[in-house]
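Participant: A structural model of the following input is requested.
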Amino acid sequence: KISNAQRKDDGWYSYIQDTLSGGGYLEESELFYGTYTNATISKGYEMQSAYFSTTLVFLVLSLTLIVHNLGQLFKQNFSVNNKSQVMLWKYFNKVFSAWDFSITEGNPARIKMISIKRDLEEELRYTKDKNEKWSFKRRTDAYWRRFQVNVAILIMLVGAGSGIYFSTFLSRDARDERLKRNSTSDDSQLSHGESALLFLREMSASLIVTAVNLFLPTIFNWLVLKEKWRTSRDEVRITLLRTVFLRLASLGVLMAAIFVEIDSCTTTFNTLEPCKLPCWETLAGQEIYRLVVVDFIVVVIATTIGETLWNLTSKRLEWVKDVFGKPEFVISKNVLELIYSQALIWLGAYYSPLLPAIGFIKLFIFFYVKKISLLHNLQPSTRPYHAKNGKTFRMILLLTFFLCLIPIGYSIAKLKPSARCGPFRGNNHMYDIVVEKVDKSPSGLRDAITFLGSVGFFTPLIALTVTAIYYARTVTKAQQKNMELVHSQLVTSGKDKRFLVDHLRELASKLEEKEEEKKKLKKRKVAAHKNY
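Facilitator: Numbering: from 1, shown residues only. Take a look at the predicted model:
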C-alpha cells in the first residue's frame, strides 16, 4: 500500500490511477472485501453472517425479479399455436392498433409513421423471403460462405480468449512489481511516464476485454452480411447469439485465469513458499471494478464523441454516408450493453459489496447520455429486431445470471479464504459460517435443516417437482387446445352468421324484386285503364 507521504508527493496523478484501478485509497476502503472485519460489532452484529446473507439476499432477489418478469411476459404472449392466424393478427394489430393517440406533435408523429411503415415492410419482407425457394447452387454457396465465416469467427474467438488469458499474466507482473516497490518505499523513484506504463500494464486485462467486446461485434455485423441468410431477422439473431457468447466467454476466460492464479496461491498458505496474493478476494473485486470503469469510459466516449462525429461527417461528407451510413439506434446492441453491465454487477457483488451502487450510478448516467445522443445524432434502425416483447433478452439475462453464479459458487465452496483479510479469515471455506450457525441452532431446528439437506428430502422433492412440471405442461396443452377449439367455434359461428346474412340479403333482394314487379304491374294496369 502507498503511504500518505508518497501519495501526497504524487498528488492528483496518484489519485486518478487509484480511482481507475481500484488500488490505493480505494483498496483500503469498504469498496472491497479485504477491508471488512471478521469480528462481531456492537450489539451482536456479526460481520460474517451479515456479509454472507446480504450477498445471498441480493442474488435471490435478482433471480426472483427476473423470473417474475419473465412469467408476466409469458402470460401476455400466451396465444393459439396457429402460425397463419398469428401472422394475420400481427398485420391487424399493426394496421388498426399500432398508432399512439397520445402523440400531438408533428415530429413524433412522423417518427411513429416511419416506425409502423418499417415494421410492416419488415413483416412482409420476412414472409416473402422465408417462403422463397432457393436453388441447389444458391444453398450450396450460402452454406460454404457460412462455413468460412464461422471458421474466421472461431479463430478470432480463440485469439481473443488467448489474449485475455495471457493479459492476466501481464497484469499480475505489473501488480507484483508495484507491490515490491511499495514494500521497499521505492515508488517515488518512478517518473510519471514509467508510472503510467506500469498502470497500463496493470489495467491490460480490463482494457483487452473491453476492446474485444467493442470491436469484435462490429466485425460480426459485417461478416453476417456475407453469409447470405434468408432474412434480415436471421442476420440479427445470429449476430445477437455470437455477441452474447463473446461477452460471456470473455468474462469466463478472465475469471478462469484469475482463479488459476488464486488456486495456486491458496495452496501455499500452509507452506513455507510465500504467496504474492495477500487478499485474493480483493484482487478479484479489483479486476471486475476495472471492467466496470473501463466499460463506462469507453461507452460514454463512443456515445458522446464517436456518434456525434459520425453524425456530423455523414451529413457533410457524402463518401462517409455511402461507406458507413448514418448512425442508427440499434436496440439489440444497447440492451446487450445493459445485460453486460448487469453481469459485471452480479459477478463482482460478492468481492466488492459497494459495486451494485457504482453500477446503479453507471446505468443512470448511461440512460441520459444515450438519450441525448439518440435525440440529436441517431435515427431509427433500418433492421428492426422483434424480440417478442422482450422475452429473448430476458432469457439471455436469466442465462447470464446463472453463469455468473458459477464463479461465486466456486469461490464459496472450493477456494480457501484469505488468511489475512476479509470477514472469513481463519475459515477453511466461506460456507463454514452456515455450518457453524446450524450447529449452534436448537436441536429441533438443526435436525430439520439436516433433513432438508439430505437425500431423503431431495429425492421426493425432485420427483414432486417433475410431477408438478408435467401436470402444469399438461394443463397448458389442454388450455391451448381449448383455446384452439373456441377459436374454431368462433370461426364456424362467424361463417354461420355470414351465411345467414347472405341468405337474408338474398331474400331481401328477392322481396325487392317482387315489390318492383308489383309496382310495374300496377303502373301497367293504371296505364291500361287510362287508355281504355
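Participant: list the buried residues for stretch 425-432?
Facilitator: Arg425, Asn427, His429, Met430 (16 or more other CB atoms under 10 Å). Placement of C-beta: from N, CA and C, glycine included.
Participant: and stretch 142-158, by the same measure?
Facilitator: For stretch 142-158, a neighbour-count test (16+ other CB under 10 Å) marks Arg146, Val149, Ile153, Met156, Leu157 as buried.
Participant: how about the helices in the stretch 401-532 of the chain?
Facilitator: 432-440, 443-452, 455-531 (DSSP state H, counting those that start in this stretch).
Participant: check those helices for me and report the most buried one.
Facilitator: helix 432-440 (a mean of 13; mean count of other CB atoms under 10 Å).
Participant: to Ile111, which of the helices of the stretch 401-532 of the chain lies closest?
Facilitator: Ile111 lies closest to helix 455-531 among the helices of the stretch 401-532 of the chain, at 35.5 Å (CB to CB).
Participant: between that closest one and helix 443-452, how many degrees?
Facilitator: In terms of direction (axes from the mean of the first three to the mean of the last three CA atoms, to 10 degrees), helix 455-531 departs from helix 443-452 by 70 degrees.
Participant: surely Ser49 touches Met430?
Facilitator: No. At 11.9 Å, Ser49 and Met430 do not qualify as touching, with contact defined as CB atoms under 8 Å.
Participant: surely Thr19 meets Ser29?
Facilitator: No. Contact criterion CB under 8 Å: Thr19 and Ser29 do not qualify, at 11.2 Å.
Participant: check contacts around the spatially most central residue of the chain.
Facilitator: The structure's the chain has its C-alpha centroid closest to Ile339; by CA atoms, centre = their mean the separation is 2.7 Å. Counting by CB atoms under 8 Å, 6 or more residues apart in numbering, Ile339 makes contact with Val244, Arg247, Phe393, Ile396, Leu397, Thr400.
Participant: give me that answer again for 6 Å
Facilitator: Contacts for Ile339 were tallied using CB atoms under 6 Å, 6 or more residues apart in numbering; they are Leu397, Thr400.
Participant: Three-state assignment for it, please.
Facilitator: Recorded secondary structure, Ile339: helix (DSSP: H, G, I helix; E, B strand; the rest coil).
Participant: could we number from 21 for the rest of this?
Facilitator: Taking 21 as the first residue, the last one we looked at is Ile359.
Participant: ok, now how distant is it from Gln37?
Facilitator: For Ile359, the distance to Gln37 (CB to CB, to the nearest Å) stands at 30 Å.
Participant: how about Ser270?
Facilitator: Relative to Gln37, Ser270 is positioned 24 Å away (CB to CB).
Participant: residues of the helix or strand harbouring Trp339 that come out buried?
Facilitator: Take DSSP states H and E as the rule and Trp339 turns out to sit in helix 338-344. For helix 338-344, a neighbour-count test (16+ other CB under 10 Å) marks Val340 as buried.
Participant: just the CA trace of it, in CSV.
Facilitator: The C-alpha trace of helix 338-344 is given here as CSV (Å, rounded to 0.1, in the frame of the first residue of the first chain):
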residue,chain,number,x,y,z
GLU,A,338,-21.0,12.0,-48.9
TRP,A,339,-18.5,9.2,-49.0
VAL,A,340,-18.8,8.7,-45.3
LYS,A,341,-22.6,8.3,-45.7
ASP,A,342,-22.1,5.8,-48.6
VAL,A,343,-19.5,3.7,-46.8
PHE,A,344,-20.6,3.8,-43.2
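Participant: contacts for that helix?
Facilitator: For helix 338-344, contacts defined as CB under 6 Å, 6+ apart pick out Thr333, Ser334.
Participant: mean confidence score for it?
Facilitator: The pLDDT scores in helix 338-344 average 77.
Participant: now render the helices of the stretch 421-552 of the chain as CSV, adding mean pLDDT and distance to Arg158.
Facilitator: Below are the helices of the stretch 421-552 of the chain laid out as CSV (pLDDT from 0 to 100; distance: least, CB to CB, whole Å):
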stretch, mean pLDDT, distance to Arg158
helix 452-460, 75, 61
helix 463-472, 73, 60
helix 475-551, 83, 37
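Participant: closest one to Tyr371 among those?
Facilitator: Nearest of the helices of the stretch 421-552 of the chain to Tyr371, taken as CB to CB: helix 452-460 at 16.7 Å.
Participant: just the residues contacting stretch 525-537, thanks.
Facilitator: For stretch 525-537, there are no surrounding residues in contact (CB under 6 Å, 6+ apart).
Participant: which intervals of the protein have sub-threshold pLDDT?
Facilitator: Low-confidence segments of the chain (pLDDT under 70): 21-31, 95-110, 201-212, 285-297, 400-410, 473.
Participant: where along the stretch 21-170 of the chain do the helices fall?
Facilitator: According to DSSP H, counting those that start in this stretch, the helices that the stretch 21-170 of the chain contains are 24-30, 32-41, 67-96, 103-116, 126-151, 156-203.
Participant: same list (those helices) but as a markdown table, adding distance to Lys248.
Facilitator: Converted to a markdown table, the helices of the stretch 21-170 of the chain look like this (distance: least, CB to CB, whole Å):
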| stretch | distance to Lys248 |
| --- | --- |
| helix 24-30 | 57 |
| helix 32-41 | 44 |
| helix 67-96 | 33 |
| helix 103-116 | 24 |
| helix 126-151 | 11 |
| helix 156-203 | 4 |
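Participant: out of those, nearest to Tyr309?
Facilitator: Among the helices of the stretch 21-170 of the chain, helix 32-41 sits nearest to Tyr309 (CB to CB), with 8.2 Å.
Participant: any buried residues in the closest one, and which?
Facilitator: Buried residues in helix 32-41, defined by neighbour count with 16+ other CB under 10 Å: Ser34, Gln37, Asp38, Leu40, Ser41.
Participant: do the same with stretch 268-276
Facilitator: Counting neighbours by 16+ other CB under 10 Å, one finds that the buried residues in stretch 268-276 are Leu268, Ala269, Ser270, Leu271, Gly272, Val273, Leu274, Met275.
Participant: ok but the last one is inside a helix, no?
Facilitator: Yes. When three-state DSSP is applied, Met275 is found to be in a helix.
Participant: circling back: ok, the buried residues of stretch 445-452 vs Phe386, which is closest?
Facilitator: For the buried residues of stretch 445-452, the residue nearest Phe386 by CB to CB is Met450; the value is 32.4 Å.
Participant: now that closest one: closest residue in space that isn't a chain neighbour?
Facilitator: With CB to CB, 6 or more residues apart in numbering as the criterion, Met450 has its nearest non-adjacent residue at 4.5 Å, and that residue is Ile432.
Participant: so that neighbour makes contact with Tyr451?
Facilitator: Yes. Assessed by CB atoms under 6 Å, Ile432 is found in contact with Tyr451 at 5.4 Å.
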